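Novice: 3D, please:
(4 chains)
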4 protein chains.
Amino acid sequence: MKKSIILLLFIFFFSQVHSQEKMEPPWMWSIDKIKSTANQISAGKNLNPEKWPNGARAAVSLSFDVDIETPRLHQGIGNISQGEYGARVGLKRIIDLVDMHRIPVTFFIPAVSLILHPEMVDIIKKSGLHEIGNHSWIHEQGLSVPDKDEKELIIRANKYLEKITGERPVGYRSASWNLRKSTINVIQELDFLYDSSLMADDRPYEILVDGKSTGIVEIPPDWILDDYPLLYVSGTRYSSPREVLNVYIDEFDKAYEEGTTFILSMHPEIIGHRSRIVILEKLIDHIKTKGNVWFATCRQIAEYVKNKD
Amino acid sequence: MKKSIILLLFIFFFSQVHSQEKMEPPWMWSIDKIKSTANQISAGKNLNPEKWPNGARAAVSLSFDVDIETPRLHQGIGNISQGEYGARVGLKRIIDLVDMHRIPVTFFIPAVSLILHPEMVDIIKKSGLHEIGNHSWIHEQGLSVPDKDEKELIIRANKYLEKITGERPVGYRSASWNLRKSTINVIQELDFLYDSSLMADDRPYEILVDGKSTGIVEIPPDWILDDYPLLYVSGTRYSSPREVLNVYIDEFDKAYEEGTTFILSMHPEIIGHRSRIVILEKLIDHIKTKGNVWFATCRQIAEYVKNKD
Amino acid sequence: MKKSIILLLFIFFFSQVHSQEKMEPPWMWSIDKIKSTANQISAGKNLNPEKWPNGARAAVSLSFDVDIETPRLHQGIGNISQGEYGARVGLKRIIDLVDMHRIPVTFFIPAVSLILHPEMVDIIKKSGLHEIGNHSWIHEQGLSVPDKDEKELIIRANKYLEKITGERPVGYRSASWNLRKSTINVIQELDFLYDSSLMADDRPYEILVDGKSTGIVEIPPDWILDDYPLLYVSGTRYSSPREVLNVYIDEFDKAYEEGTTFILSMHPEIIGHRSRIVILEKLIDHIKTKGNVWFATCRQIAEYVKNKD
Amino acid sequence: MKKSIILLLFIFFFSQVHSQEKMEPPWMWSIDKIKSTANQISAGKNLNPEKWPNGARAAVSLSFDVDIETPRLHQGIGNISQGEYGARVGLKRIIDLVDMHRIPVTFFIPAVSLILHPEMVDIIKKSGLHEIGNHSWIHEQGLSVPDKDEKELIIRANKYLEKITGERPVGYRSASWNLRKSTINVIQELDFLYDSSLMADDRPYEILVDGKSTGIVEIPPDWILDDYPLLYVSGTRYSSPREVLNVYIDEFDKAYEEGTTFILSMHPEIIGHRSRIVILEKLIDHIKTKGNVWFATCRQIAEYVKNKD
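Specialist: The predicted structure follows:
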């Protein structure tokens, strides 16, 4: 009977903790608590420069999160095969397209993706144009990792990427853009140049932690400019690729008009499919037709705006 | 062992209460109970006037719920940054557009949004055209707030808005249009002119509580005419902005044909994005091309229909 | 301590019952059990006639489920007001449109809808063209009503409709098309002519219960031809009205080509909105342009196919 | 009191087991565990041939999963009738279309579908062109079937299909593409030629189990090329049929450009509806207009690529 009592006590205390957390709804919060919650991480100085290199009207960075199997290891064989598609088929289509156009792009890669598919390194490096950024060890999300493991995992991923690619990453994109204050502290300690996980602006900005300068540049993504939420056919919601293309074009056109940045986040296992690579082809054609645009890696943009600052 | 027994008793009584509530499904209800439930709050007199000012064919009110971080404080850093976008980027795009067109609009603002971003006040007030309405203290929803706190929170928000803007709000829009009978009682006691949370008509009407006149004008919104349900990319369902624009145009065209009102509810953190502000631009162009329309704040419409009545 | 033991025993027996039900997954079922489950209710004789009246190429029945507040009484004020819209605004737009075109249509109405809005009766009856069918007492769904109450509720609804409209309904459409074997038995006992809740064909057919003739005509609806699943903005999924119109047109065009029926199910609180009534206008225009179509109530179709049989 | 204690102990141990499984999140896994999880089943040799028969530019296989009532037996009368539609109406529309074009296609059929609708056999066999593949006994999904039953169910389905159709199936498609390592082992033991459930490529490939050759050819489907996720109106997400057609066309056009395969998976109860058969008609027209394509069953493709290998 002892065990059952232990269980009951466990349930009881758990329910206490749980209800305590709920005991203070936001309308009971002090102004200080509201402010400190909202400002754990916030957007500081706008780093969008007056001018882009060579008089370009806007900066465009195509980025690819090479998650492939890593977020799917718990999800059964079928889902794993969907991830494998990214490594086996999708990545090559992307590389063929951007290398043909000589467009430098950024690949944010969980280290484990390269462990599972080391052949991807040569494919990516062939042109010498592209950047590889840190995208966690195994797609672990900031909020689910215990405090004590967070830093170690980012370092572990960094070491692996450096060993394989010969370069230490200078950019960090958290898995699912899921991070917390300590994440920014860690990437600051580890001398990252920039993060690419926060959505407070269309333009590069400096990240503040508790209202204080961090020196970290944010190259802001947005779910509107990500292929997953709307094109993952087994997801919650959907939009057809051609409709998504229209949104990307509208976003780019305004960036062009305003002289800012267009940061697109994609996945080889999503955009790499035949009916989607078509929209990336068409988007690149649209951007090139407008002309006078700086295609750059996230790193190149971060360095440029930091130096101009 | 005592605590476990307390827990068990708690579960037991809870399950009793719960099952009791379920014990009377609607087909067991008396006609009286059915009627009183349906008619807690209902639509009274149609207040749509014979004519709009200066012979306009229809009245158009663009309204913006400046929720920004307030509904997201519990949702992690990424979501908070999505809200911050509204204050930092979205609001300015909106103001630039409506001020250029000299269109008066209404901003419904949770007081906490202004506490977090006091710089928004001047941006909104610059033109002298726009109205600020009460949109709760911190985006608390009517149904989750305890009875005893409801009135106090609406007053607290009112006071803050009056202090900052110099004017007491006369319009109330409940957070998520989630309200109850007592909410209408409260805003009646507090001498609000109008509410904008109920969806029983396209035309302004008088709100009834338990079938009785309240004198409160309803300026009715609708989820069809709100940018959140279909354009929030991380939501349940989605429609592309250009498709949403077509719906807005069809709604407006009928309002124009019928001589009624077109009340659009938007959010800086949604419509303020580049690929969405485009549809607001196009909508305004469409409305202006039709011509002979009265662009007005919700307050101006409420006052006009109340005086005509 | 007794109560806790009672609770535990309750949980225990409940879990037993529950697991027992789960104990036999479908692959353990006998062929007999499979067949009897699949054939509780099934589609019998195809009743589509060789010819429609006056040589029409197809039969078209526009039907409207006047649910308005009835499924929303438990869902809070906002949702109730969305239902009220159907009675206050949507129904009139529908009647104006179909009466102008002199198109007879069928309204399936939960009796409680008429209790809450008795003014709807005259609006519907004005033209003398339309049918009123039984759509439950208060939108109770077949599967949730206890056996003993099912028949009584259908009778209660029938009596109320007959009292108000002067005619006993001959058609039954279950709320949410949610019914069971006993429902068919009940409507057979009560001498209904037809049901309109089952989706096994595009053409009218005879309903079988346990493989045996019932004499009941099925006028089959389908979720594809219902405005709720795709146009309810707060629902799970969405399609824009104009896209939905294209689907209706494709469905009608094939019905026309095949010489069968086009049965459309709508709701005043959905299709009655401005941006949706537009698609009903355009659909009617499309059908009329094709020409040579029999617009009829569900009852007229059921009577015609039964007599031809 | 004994029973309640048994229950509590059960809950306790269950919670232990459950928490243990959760105790090791992926970032704690060894490289070996990561690799062995990712590589339980993986894609081996690319089997896409240099040339297709008669110099065709691409191979096209239209396949139909005849699930009809089988996944719906637990879901109530309405859903069962939606499945019945596939047998009663949808299948015939499909056969009429593909037989008119003399296009050989593959039907993957749960044996129970034929038990419930034996009349489908003659309809399918009339032209002598089509293949029937194994699609489980009663749409049981790989992951929910106990180990000990998996093989027996596949054999049971095989025997039934052979008895009815006169031919032993050589192709296997798991229900919902839900399978596990043991499934591949079983179909290997049973001498299947190919599987069609995995999504790691657009091109046929050899399946590896734990990195080792199996000799089984994978004819890869994909949710992008399946009519269920986007066209089931009561599902989670939706896209209009015409939009879905555009995606199919884009997928085919790239397959044509790349000289690979276009494998489409559909369901009589989905694509067989009037507004959807239209898109299949249009797709076939599009493919035929391009010309020089090999329409083949999955079996013909699997045999061809295996022999070429």
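Novice: ok now do the most centrally placed residue in chain A, which residues does it touch?
Specialist: Geometric centre of chain A, nearest residue: A:R173, 4.1 Å, by Cα atoms, centre = their mean. A:R173 is in contact with A:63, A:65, A:108, A:133-135, A:195-197, A:221, A:265, counting by Cβ atoms under 8 Å, 6 or more residues apart in numbering or on different chains. Using the backbone N, CA and C atoms, a C-beta is placed for each residue, glycine as well.
Novice: residues near A:N48, how many?
Specialist: Neighbourhood size, A:N48 [other Cβ atoms under 10 Å in any protein chain shown]: 18.
Novice: Please give me every residue in contact with the closest residue to it other than its chain neighbours.
Specialist: Spatial nearest neighbour of A:N48, excluding adjacent residues (Cβ to Cβ, 6 or more residues apart in numbering or on different chains): A:R203 at 3.8 Å. By Cβ under 8 Å, 6+ apart, the contact set of A:R203 is A:46-48, A:220, A:260-261.
Novice: so what's the residue in the stretch 201-309 of chain A positioned nearest to chain C closest to, chain neighbours aside?
Specialist: In the stretch 201-309 of chain A, no residue comes nearer to chain C than A:R237, which is 7.6 Å away by Cβ to the nearest Cβ. Nearest residue to A:R237, sequence neighbours excluded (Cβ to Cβ, 6+ apart): B:Y238, at 4.2 Å.
Novice: returning to that earlier point: which members of the contacts of A:R173 are classed as buried?
Specialist: For the contacts of A:R173, a burial check counting by 16 or more other Cβ atoms under 10 Å in any protein chain shown picks out A:63, A:65, A:108, A:133-135, A:195-197, A:221, A:265.
Novice: The residues you listed into CSV, with extra columns for pLDDT, distance to D:S213 and secondary structure?
Specialist: As requested, these are exported to CSV (pLDDT from 0 to 100; distance: Cβ to Cβ, whole Å; DSSP: H, G, I helix; E, B strand; the rest coil):
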residue, pLDDT, distance to D:S213, secondary structure
A:S63, 98, 37, strand
A:D65, 98, 32, strand
A:F108, 98, 34, strand
A:G133, 98, 36, strand
A:N134, 98, 36, strand
A:H135, 98, 33, coil
A:D195, 98, 44, strand
A:S196, 98, 41, coil
A:S197, 97, 42, coil
A:P221, 98, 41, coil
A:S265, 98, 37, strand
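Novice: out of these, who's near chain D?
Specialist: Among the buried ones among the contacts of A:R173, no residue lies close to chain D (Cβ under 8 Å from any Cβ of the partner chain).
Novice: which of these lies closest to A:Y304?
Specialist: A:S196 (14.8 Å; Cβ to Cβ).
Novice: ok, now which ones touch the closest one?
Specialist: Contacts of A:S196 by Cβ under 8 Å, 6+ apart are A:63, A:108, A:133, A:171-173, A:218-221, A:263, A:265, A:298.
Novice: number of nearby residues for A:S213?
Specialist: Residues near A:S213, counting by other Cβ under 10 Å, number 11.
Novice: Quick check: it vs chain B, distance?
Specialist: Distance, A:S213 to chain B, by Cβ to the nearest Cβ, to the nearest Å: 17 Å.
Novice: Run through who's touching the helix or strand containing that residue.
Specialist: Per DSSP states H and E: A:S213 is located in strand A:212-218. Defining contact as Cβ under 8 Å, 6+ apart, one finds that strand A:212-218 is touched by A:43-44, A:47, A:184, A:187-188, A:192-198, A:200-201, A:204-208, A:302, A:305-306.
Novice: can you rerun that using 7 Å?
Specialist: Applying Cβ atoms under 7 Å, 6 or more residues apart in numbering or on different chains, the contact partners of strand A:212-218 are A:44, A:47, A:184, A:187-188, A:192-195, A:198, A:204-208, A:302, A:305-306.
Novice: go on, stretch A:301-309?
Specialist: Contact with stretch A:301-309 is made by A:47-49, A:53, A:59, A:61, A:171, A:193-194, A:204, A:217, A:219, A:261, as judged by Cβ under 7 Å, 6+ apart.
Novice: Excluding covalently adjacent residues, which one is nearest to A:S136?
Specialist: A:A175 (4.5 Å).
Novice: Give the full set of residues in contact with that neighbour.
Specialist: Contacts here follow Cβ under 7 Å, 6+ apart; on that basis A:A175 touches A:110, A:135-136, A:139-141.
Novice: CA atoms only: put stretch A:39-49 into CSV for me.
Specialist: Presented in CSV, the C-alpha positions along stretch A:39-49 are these (Å, rounded to 0.1, in the frame of the first residue of the first chain):
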residue,chain,number,x,y,z
ASN,A,39,11.1,42.6,-21.5
GLN,A,40,13.1,39.5,-20.6
ILE,A,41,14.2,39.7,-24.2
SER,A,42,13.2,42.6,-26.4
ALA,A,43,14.2,44.5,-29.5
GLY,A,44,16.8,47.2,-29.1
LYS,A,45,18.4,49.4,-31.6
ASN,A,46,17.2,49.1,-35.2
LEU,A,47,20.3,48.1,-37.2
ASN,A,48,18.9,48.5,-40.6
PRO,A,49,21.6,50.5,-42.5
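Novice: Filter the contacts of stretch A:301-309 down to the buried ones.
Specialist: Neighbour counting by 16+ other Cβ under 10 Å classes A:47-49, A:59, A:61, A:171, A:193-194, A:204, A:217, A:219, A:261 among the contacts of stretch A:301-309 as buried.
Novice: picking that back up, only the buried subset of the contacts of strand A:212-218, as a PyMOL command please.
Specialist: Of those, the buried ones can be selected in PyMOL as follows, counting by 16+ other Cβ under 10 Å:
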select buried, chain A and resi 44+47+184+187+192+193+194+195+198+204+205+206+207+208+302+305+306
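Novice: among the contacts of strand A:212-218, which are in helices?
Specialist: A:184, A:187-188, A:302, A:305-306 (DSSP state H).
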